[in-house]
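# model the structure of this input:
(2 chains)
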Amino acid sequence: MTIEKKVSKTSIETETGVSRRGFVKGAAAVTGAAIGSGAITGFPTIWAQNIKNVTLRQFGTGVSNINAVADKVKEDLGFTLQMTALDSDAVAQRAVTQPNSFDIADIEYWICKKVFPAGTMQPMDTTKLKNYQYISKLFIDGKLTPDSEIAQGTAPHTVGFVEGADSVEFASAPTQWMTLIPTIYNADTLGIRPDLIDREITSWADLLDPAFKGKASILNIPSIGIMDAAMVCEAMGEVTYGDKGNMTQEEIDKTIAVMIDAKKAGQFRAFWKSFDESVNLMASGEVVIQSMWSPAVAAVRSKGIACKYQPLKEGYRAWGGGIGLAKHLSGLELEAAYEYIDWYLSGWVGAYLNRQGYYSAAPETAKKFMSEDEWGFWMEGKAAEGDILSPDGKVMEKAGAVRDGGSYEERMGSVACWNSVMDENKHMVRKWNEFIAA
Amino acid sequence: MASDTSKRSSYFLISPMALIFAVFLVIPLLTIVVVSFWDYDEYRILPDFIFENYEYLLGSSVTWSIYLNTLKYAVLTWFFTLVIGFTVAYFLAFHVRSLTWQIVFFMLCTIPFWTSNIIRMISWIPFLGRNGLLNSALINLGIVDQPLEFLLFSDFAVVLADVHLYALFMVVPIFNSMMRIDRSLVEAARDAGASGFETLKSVIVPLSKPGIAIGSIFVITVVMGDFITVRLMSGGQSASVGLQISNEIGLLQYPAAAASAVVLLITVLLIVTALLRLVDIRKEL
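Numbers count the residues shown, from 1 in each chain, chains lettered A, B, ... in the order given. Here you go, the predicted model:
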């Protein structure tokens, strides 16, 4: 197995980033190259044949369970990737309670904080990942640029590493053992219907503005909803927080009290739990201002309805997800999983995600798979020169459009808080249920 | 000796049923009861024996308001399904004379139930929405000048969807009971000078009681445990006991969910017992 591994690594070391496809598809050529580099005396062709029989089962939230990725894996790496999309709660539940039902878990960092200590996953050896070096510093030490401030909440780097191969203790500094390889992340804010709102929206506090009575919505996933609520309460000046990502009971109680008052006053039209619900609420005009996810905004716009992902002065609430390995993986399947994860960082998926309005964890590699105009629009905040297409070829933005919120640095640089799970989680959930039941 | 053998053979004969009940009902229920006394944190359940889950559940004002809300949905749905179910069953049983047409109409009633109940529920949303079909029609006809907001994401919407979903559960057993009523009793009542209403009150309703009771049990137990209708039709703004349990399961709080489930089970059993006190279904069948 060690020999085989060496081969796979050798094959990647060519600069194109797509040579793996060559490795699996035309094993002979790669073998030749590998022999040339003196790395091999084994029979990699046998492995290349075997890996085609491998099926990896991945489950995660809908955002990154993209069939196009599974198709591309089949094409580039040769093995089969089965994807199952679930909501955040179900993902956490399944990762803990059915450890043998998946090979690759695609989970968010705040879920990771809950799930990883349960011992159903294994950390990854970063030395086996060629593209580890390209991962954004945000996920290594929490700083996008050397002088950026670390946001509140479950910042990915705080749960990104464990002490050792068998450890479930999160490490305080980067180690060789990574819990999740970051895949996808974004900065969330409020979505609005500019055609139905006739004033500037500048603050999270606008969500509870009585002018939008009966036309506002907030997402009903407690651990995320509470953060949006906290952003609102802080912006209104109603509550001050030590750390919004880890509130005290008193802070939670105050936040929920503000939300209950607003609910009783009829501020909210509905609460949403899934991506589709948020799109429908906005597109149908039931709601004009709500917590929203970036592709949901794009989905509303693609119906020809005006929708803006409004940057706010208090900053964004960010989230990030990654893929990790199930504890039970070993042998050939484990090798295939490493192959897949390294491939994930090699750029094609990154470009795909960037085109959807998310961010790739390894921007440098993604850049190679994007046109200059695409890169300028999505990552640099420049006006589009031509029409901007979604990954499946639909026009998302017309020429001249500028991304809401601007460039990667502007957006990811103004993160106020990361999605998180709090020490007072039980209390928070109970209070959140009171809010829903109120 | 002979009676011993027959005793043994009857034990033997009931054993498959007993086994199925034990494996699929008794053991899972016992597990739920046991787990309801366990402790939990964010990602684990910890075997223990604590009353905290029940203490919080029974001591919290949220629980009471959720139960009140769920009961409200149950009672309203029960009332409307009963009125609709009884009327439809009465029409089918007494006004439609030929068996063929009875079957045809009965099939018509069941057609909507060939689709998933989620779809039947969701199709109300574009109809009742702020810019939905109904509101646009009302505005175009000049009946209202502002869209009616209470139509969707409200208690009204929840009860409407529940009634739509479960009316058939009333129709079927009541229809069944009515078909067993000896027609000569109705004729006798008429001959004795009873008006249509008196016949209904003194003959048909009492004789339909088993059907009404069975239908009521169906509707009430389903609505008491429902969570998806409440979530979708109230836009997530109202809570029901089922929704609370589903949220707790989603958050991996199995012991809390188990405690809620036990309390819900006891509540529903009490309601069913009360209904069975009113009507002796066994005798009437």
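
# tell me the SS of residue A:417?
Using DSSP: H, G, I helix; E, B strand; the rest coil as the criterion, the local structure at residue A:417 reads strand.

# residue of chain A closest to chain B, please.
Among all residues of chain A, residue A:270 sits closest to chain B, at 2.6 Å; criterion: CB to the nearest CB. Quick note: C-beta positions are derived from backbone N, CA and C, even for glycine.

# ok but that residue is inside a strand, no?
Yes - following the definition three-state DSSP, residue A:270 is counted among the residues of a strand.

# ok, for it, nearest residue in space, not its chain neighbours?
Leaving aside its sequence neighbours, residue A:270 sits nearest to residue B:235 (CB to CB, 6 or more residues apart in numbering or on different chains; 2.6 Å).

# and residue B:185, by the same measure?
With sequence-adjacent residues excluded and distances taken as CB to CB, 6+ apart, residue B:185 is closest to residue B:203, at 5.6 Å.

# how about that neighbour, what does it touch?
B:181, B:185-186, B:189, B:194 (CB atoms under 8 Å, 6 or more residues apart in numbering or on different chains).

# ok, 7 Å please
When contacts are counted by CB atoms under 7 Å, 6 or more residues apart in numbering or on different chains, residue B:203 touches B:185-186, B:189.

# secondary structure class for the residue nearest to residue A:144 when sequence neighbours are not counted?
Sequence neighbours aside, residue A:138 is the residue nearest to residue A:144 in space, at 5.0 Å (criterion: CB to CB, 6+ apart). For residue A:138, the secondary structure call by three-state DSSP comes out as helix.

# neighbours around residue A:138, how many?
Residues within reach of residue A:138, counting by other CB atoms under 10 Å in any protein chain shown, total 26.

# which residues does it contact?
A:144, A:156, A:412.

# show me the shaky parts of chain B.
Scanning chain B for pLDDT under 70 picks out the ranges B:1-3, B:42-43, B:283-285.

# what's the longest helix in it?
helix B:61-90 (DSSP state H).

# name the residues that touch the very next helix or strand once past that helix?
Heading C-terminal from helix B:61-90, the first helix or strand you meet, by DSSP states H and E, is helix B:99-110. The set of residues external to helix B:99-110 that reach it, using CB under 7 Å, 6+ apart, is B:88, B:92, B:96, B:168, B:171.

# just give me the closest of those residues to residue A:103.
Top of the list for closeness to residue A:103, among the contacts of helix B:99-110 and by CB to CB, is residue B:168 at 43.7 Å.

# am I right that the closest one is in contact with residue B:111?
No - using CB atoms under 7 Å, residue B:168 is not in contact with residue B:111; the gap is 10.3 Å.

# which of these two has more neighbours?
residue B:168 (21 against 8).

# got a list of what the more buried one touches?
When contacts are counted by CB under 7 Å, 6+ apart, residue B:168 is found next to B:109-110, B:113.

# which SSE is it in?
Under DSSP H and E, the secondary-structure element containing residue B:168 is helix B:155-179.

# and the angle from that helix to helix B:99-110?
Taking axes from the mean of the first three to the mean of the last three CA atoms, to 10 degrees, one finds that helix B:155-179 is oriented at 160 degrees with respect to helix B:99-110.

# please state the offset of helix B:155-179 from the chain centre?
9 Å (CA atoms, centre = their mean, to the nearest Å).

# how close does the residue in the stretch 101-250 of chain B positioned nearest to chain A get to residue B:139?
Taking CB to the nearest CB, chain A has its nearest neighbour within the stretch 101-250 of chain B at residue B:235, 2.6 Å off. According to CB to CB, to the nearest Å, residue B:235 and residue B:139 sit 21 Å apart.

# more neighbours, these two?
Comparing residue B:235 with residue B:139 by other CB under 10 Å, the one with more neighbours is residue B:235, at 24 against 15.

# for the more buried one, give its distance to residue B:48.
Applying CB to CB to residue B:235 and residue B:48 gives a distance of 37 Å.

# tell me which element the nearest residue to residue B:41 once chain neighbours are set aside falls in.
Beyond its immediate neighbours in the sequence, the residue positioned closest to residue B:41 (CB to CB, 6+ apart) is residue A:426, lying 7.6 Å away. Applying DSSP H and E as the criterion places residue A:426 in helix A:425-437.

# up against chain B, what does the stretch 51-200 of chain A have?
Where the stretch 51-200 of chain A comes near chain B, counting by CB under 7 Å from any CB of the partner chain, the residues are A:89-90, A:92-93, A:96, A:114-115, A:117-118.

# so who does residue A:231 touch?
With contacts defined as CB under 7 Å, 6+ apart, the neighbours of residue A:231 are A:204, A:314, A:317, A:416.

# ok, which stretches of the stretch 201-350 of chain A are strands?
With DSSP state E, counting those that start in this stretch as the definition, the stretch 201-350 of chain A shows strands at residue ranges A:216-219, A:268-272, A:289-292, A:308-310, A:316-326.

# nearest approach to residue A:398 belongs to which of the ones you listed?
Closest approach to residue A:398 among these is made by strand A:308-310 (14.9 Å; CB to CB).

# so which bits of chain B are right by chain A?
By the criterion of CB under 7 Å from any CB, the positions of chain B lying close to chain A are B:42-44, B:62, B:65-66, B:129-131, B:149, B:153, B:235-237, B:239, B:244, B:247, B:250-252.

# so where do the helices sit in the stretch 201-350 of chain A?
Applying DSSP state H, counting those that start in this stretch to the stretch 201-350 of chain A gives helices spanning A:222-236, A:249-264, A:275-283, A:294-302, A:331-344, A:348-356.

# now the ones you listed as CSV including distance to residue A:378 and mean pLDDT?
Converted to CSV, the helices of the stretch 201-350 of chain A look like this (distance: least, CB to CB, whole Å; pLDDT from 0 to 100):
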stretch, distance to residue A:378, mean pLDDT
helix A:222-236, 24, 92
helix A:249-264, 34, 95
helix A:275-283, 20, 90
helix A:294-302, 11, 86
helix A:331-344, 18, 92
helix A:348-356, 5, 91
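
# and of the ones you listed, who's closest to residue A:397?
Between residue A:397 and the helices of the stretch 201-350 of chain A, the shortest separation by CB to CB is 8.0 Å, and it involves helix A:294-302.

# rewinding a little: which one among the contacts of residue A:138 gets closest to residue A:436?
Proximity of the contacts of residue A:138 to residue A:436, judged by CB to CB, is greatest for residue A:156, which lies at 28.5 Å.

# on that earlier part again, nearest to residue B:29, out of the helices of the stretch 201-350 of chain A?
Between residue B:29 and those, the shortest gap by CB to CB is with helix A:222-236, which sits at 28.4 Å.
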